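Enquirer: Only the shape, not the letters, is given here:
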Ligand SMILES: [Ca+2]
Ligand SMILES: [Ca+2]
Ligand SMILES: [Ca+2]
Ligand SMILES: [Ca+2]
């Protein structure tokens, strides 16, 4: 009965400061009984950093909010095609978390991992609760694509997926035309986007970019006012955000993966504009490998909802709520 | 002396109703002594229709405004790579001019062509007036690219080129990601855009598209009020525009090639926003062949000015001026 | 102790008449205690036919030689990239076995499958007997590649792999330049061939082709003299071979997968020439997608042994031995 | 009348030691009235060295045999697509002729060039003698392809072309899979090979390679015995061959372009095996860009004769004849 009304969620991540904020927001939602969220597990995937660092970072976040009960699974350590990526920018530092914290006692941490592989875990969750699990995918899509290739019926069992990745206008952040998560494993992104059986909500790169006419949540606010709420969460995240964003000199604070989580949890607050498209991924372009492809000519059936604009100014309240402020959202 | 101050122009075209408007505007400018324009010639290239139709359409336009003196040259009849294009939309009809007019007495027309090939003519014009000739390119870039490959010093002799073609955001009109002129000969577009010695002003596809927040010149105005100025030009163009635009059901009248001509002749009136970019063309993508590539990461030196927004509502006055109204622009 | 000296083998297949002969040969080897072969299992993969037919065909072969004890695992039902293949020739018939036999009582057959997925089975076998298991891969390489992507340490645990697939001289059988098994999943073939940690012996397509100067085992011999040995094996295989080869009008009988098995079991008898090369796979060519790439310039370290010529006339005796004749090989 | 029976030849070259031998052989044929050869001209193209060096080398050869009357034309200085080629091996030295000779008095040499562009010269020769001119193409195919793109009727006017370039089995000499001439301008090679109106005889790379079972003309013979015929030709060529071949340590002397000339002049002596194929060129492969593609599946109409094996031992006599020995061939 109770299960009937629960919103099961699996969080697939390559943490990443914005992944961390997304996970913190999700945990807060579960604890506040928002939308009856029930977190089934966190699956780790290569991406911003190597898989071992991802695992460490996930446990660091879980420990900060006293949630060692959430099961963590280790997944793919590299993309489907072993093509070297020379231009990895390591925005989030070598360890994906600003290279701030010590990595002691690894053995102990890896012993806390579930024995099951992340890929089979994805399948088992979907099989246990068919059409009831939402998958939030905020890293390269390798784990999810592997699961689809291993289990042809997986796609039928998925409720929906939320994806941070790709782009709408060919504006790239890792190459001239490609967004990081899709570029890290273009074949995986191709496999997932082209699966018409799966309901997909995609937050691409461009809505996360500052635009002249658009309000936003400022980095200054993040580092001053949000930091002033002095609790374990801000203590964990402050030095990471300070270091990662400090380097690149942006004014806006827009942690993409956390914005996707807001799209999932608070769509009315954050989504300003979205459209349906047939979405795919370019695999072989010299310049365009990894670029998300929108069928502008509308020759194929729409297969995804694509977020086009966000009320980024509203992220401020969502962030306050995430760190524990009592706000009604 | 006089030459010193003249603005020599060569018009390379695959006429096309919007090409026709561009040419009419250019001729009007010359006749009104605007900017000291001196038209050196019209070079024909395959594209909207086969090269023979292009030749016919050019003479049709020239005859309408009594300018048989302008020399016309026949150029390339197909793209560099002989890849068949199954999805030619023939927006402008099979003959590039709405299939309205009879094509009698071809022999006579082709005898009026210059003996010289368009490609060598491009080179000879540039050689005669080094750094003094502007090339307005409103078809596939085959002629211009061939000239560059034949004559390595051609690029040094060009003053500048105005190009209608490509796109800024991966919005295609012939494929999901490619604009017609670039897609018709992607290798030629690649050759021209990547030549850093040449000053390039590019009007891509997206600024020609209607946008909710943007004023425009309406098709209704074109077909009613502009038509009401009953003279040889409107008599020639009315049935063509009526048929070509009628088919697709647009509200906006934005003849791309003529807008590029306005960018050349009336930049203050028509350009709303432009930026500098390094511009190239994708050649091998499954979805992105022919897509214009902007170096969003700014890793390469800018090589073109790209028009991003236009005051399309101002095209109304420009069109009136083009058909002969006495307006001070 | 005993394990120490055993030659563990896993057979990955998309049966296929030549796969069937390969499996029969392997089983015969085990039964004759040749080279201390111990068959750990058969893993099924899409390819010549859909995965369900592959499963059926495997059990059909096992039942024919009374070996229901060999565990059978179901694997990937399609290639990594879901690109449609219009030109599937179905050499082996729609059901991979000449469309000769009835497919009754499917439920019963599928209940005989192991519960474990073929991909995890590959890993578990390698983990149980590290560096002791030979994998014979005679279908598309999807299962093996998925296992490599799921388990980064799998490659370290493999003893060696024998692969039927690819080509040496760009001679294709499914496209102008690609061999069937590699073309069916080029990304998988790329992943496997490029893994330098794995010892690879590859039998490409060309050595299986007739050559003017080369002796061979004739199809006539196969269908007359081998068939005359009237036993369950020939009864099973005769109508299949008769139908599949009859269609294409070859003189030579060279069941590729079985030749690879002979390369494994009887290298002295069957290998005429082999060389070491760095081997990879072309992924993006218009004509060459799936072509095996040899590093003719020797710029990269060799990563495979490539069979270049075979003593195909010796396959006659091997086939007689396979169906049960008492021959000393 | 006389013209009727003449064998008009145009020689398109990027000299190159093997080009030089080919040209010397052609001139000797004309002088010996072999097959009524009439040399119309030499057209220069980029390739082994930059176009200016090619021009110098051609005049050097012509002067050596006192043939300043043969008109020389300068053609394309680079490939259609300006893609940098990092791995140019400069087998023939930086100047294409072993960097042996001084390059004094350039002005004088360039004044000897015809004013006409090589590309228009190709067209004019074919137009003057329609279906009567053989084009021997021993460099990148840029000039010829440009002529085809400039003049759509050029292909109808050509008698036939002999091409040294491409490969049959994916054996490359500049990349793992591509032969030098085709790789230098793959798009040009694609344009020329795919033109079905033109009769093509292609000598690819592999027949020029030593094979265990095949007789050949040895480099030792070339450098000792042929050199012993002490005349202006050997004086010119000895240091060049000595230096170019000395570097690479081959046993066999097989100057590819000269072998192609022998295929043209002495087919019975030099051709051991040839086949008809549909031939094209791969443009976009990661490994296979520039590879010649044979339609092994015979799905397209044959469009070329491809030389597969040569009697390389017979080149010895041909070389002796070329330098002036009185041999009946
Ligand atoms: Ca992330
Ligand atoms: Ca046009
Ligand atoms: Ca098989
Ligand atoms: Ca050459």
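Expert: In hand now; what should we look at? Owing to the predicted nature of the structure, the values given are computational and were not obtained by experimental measurement. Numbers count the residues shown, from 1 in each chain, chains lettered A, B, ... in the order given. Ligands and ions are numbered 1, 2, ... in the order given.
Enquirer: In the stretch 201-329 of chain A, what residue comes closest to chain B?
Expert: Ranking the residues of the stretch 201-329 of chain A by distance to chain B (Cβ to the nearest Cβ) places residue A:285 first, at 3.3 Å. C-betas here are computed from N, CA, C, even on glycine.
Enquirer: And that residue, how far from residue A:175?
Expert: Using Cβ to Cβ, to the nearest Å, we find residue A:285 at a distance of 10 Å from residue A:175.
Enquirer: The two: who's more crowded?
Expert: Neighbours were tallied for residue A:285 and for residue A:175 using other Cβ atoms under 10 Å in any protein chain shown; the higher tally belongs to residue A:285 (27 against 22).
Enquirer: how far away is that one from chain C?
Expert: Noted for residue A:285: a distance of 10 Å to chain C, by Cβ to the nearest Cβ, to the nearest Å.
Enquirer: what does residue A:102 give?
Expert: The gap separating residue A:102 from chain C is 25 Å, by Cβ to the nearest Cβ.
Enquirer: sec struct for that residue, please.
Expert: Following DSSP: H, G, I helix; E, B strand; the rest coil, we place residue A:102 in the coil state.
Enquirer: Can you tell me the SS state at the residue of the stretch 201-329 of chain A closest to chain B?
Expert: On the basis of three-state DSSP, residue A:285 is classed as coil.
Enquirer: Wait, it touches residue B:280, no?
Expert: No: Residue A:285 is not in contact with residue B:280 according to Cβ atoms under 8 Å; the separation is 11.2 Å.
Enquirer: Which parts of chain A are strands?
Expert: Counting by DSSP state E, residue ranges of the strands within chain A are A:7-13, A:37-44, A:72-74, A:133-137, A:160-164, A:200-203, A:271-277, A:279-281, A:292-294, A:304-310.
Enquirer: Could you say which of those is packed most deeply?
Expert: The highest mean neighbour count among the strands of chain A belongs to strand A:292-294 (a mean of 29), with neighbours defined as mean count of other Cβ atoms under 10 Å in any protein chain shown.
Enquirer: do that strand and chain B meet?
Expert: Yes: using Cβ under 8 Å from any Cβ of the partner chain, a contact is recorded between strand A:292-294 and chain B, made by A:293, A:294.
Enquirer: Show me what the longest helix anywhere in chain A is packed against.
Expert: Once chain A is assigned using DSSP state H, the helix that runs over the most residues is helix A:232-248. With contacts defined as 3 or more Cβ pairs under 8 Å, 6 or more residues apart in numbering or on different chains; DSSP states H and E, the secondary structure elements packing on helix A:232-248 are helix A:17-31, helix A:51-64.
Enquirer: Just the buried positions in the first one, please.
Expert: Spelled out, it's helix A:17-31. Judged by neighbour count using 16 or more other Cβ atoms under 10 Å in any protein chain shown, the buried positions of helix A:17-31 are A:17-30.
Enquirer: repeat for stretch A:115-133
Expert: Of the residues in stretch A:115-133, those with enough neighbours to count as buried (16+ other Cβ under 10 Å) are A:116-126, A:129, A:132-133.
Enquirer: OK, contacts around the residue nearest to residue A:53 when sequence neighbours are not counted?
Expert: In space, residue A:53 comes closest to residue A:95 once its chain neighbours are excluded; the distance is 4.5 Å by Cβ to Cβ, 6 or more residues apart in numbering or on different chains. Contacts for residue A:95 were tallied using Cβ atoms under 8 Å, 6 or more residues apart in numbering or on different chains; they are A:49, A:53, A:56, A:57, A:101, A:103.
Enquirer: Could you check the pLDDT of residue A:95?
Expert: On pLDDT, residue A:95 comes in at 89.
Enquirer: for chain C, what are the nearby residues on the stretch 201-329 of chain A?
Expert: Counting by Cβ under 8 Å from any Cβ, the residues of the stretch 201-329 of chain A close to chain C are A:283, A:284.
Enquirer: can you tell me how far the residue in the stretch 201-329 of chain A positioned nearest to chain C sits from ligand 1?
Expert: Scanning the stretch 201-329 of chain A for proximity to chain C using Cβ to the nearest Cβ identifies residue A:284 as nearest, at 4.3 Å. Here the criterion is Cβ to the ion, to the nearest Å. By it, residue A:284 lies 25 Å from ligand 1.
Enquirer: Please name the nearest non-neighbouring residue to the residue nearest the centre of chain A.
Expert: Residue closest to the average C-alpha location in chain A (Cα atoms, centre = their mean): residue A:138, at 1.9 Å. Using Cβ to Cβ, 6+ apart and skipping residues adjacent in sequence, the residue nearest residue A:138 is residue A:257, 3.8 Å away.
Enquirer: pLDDT at the one you found, what is it?
Expert: According to the per-residue confidence, residue A:257 scores 98 in pLDDT.
Enquirer: go on, residue A:201?
Expert: With respect to pLDDT, residue A:201 scores 98.
Enquirer: Quick check: which of the helices and strands packed on helix A:232-248 is nearest to residue D:208?
Expert: Nearest to residue D:208, of all the helices and strands packed on helix A:232-248, is helix A:51-64, at 49.9 Å by Cβ to Cβ.
Enquirer: ok, is stretch A:174-192 in contact with ligand 1 or not?
Expert: No: for stretch A:174-192 and ligand 1, the contact criterion (Cβ under 5 Å from the ion) is not met; the two come no nearer than 6.4 Å.
Enquirer: Could you tell me the end-to-end distance of that stretch?
Expert: Start and end residues of stretch A:174-192 are separated by 20 Å (Cα to Cα, to the nearest Å).
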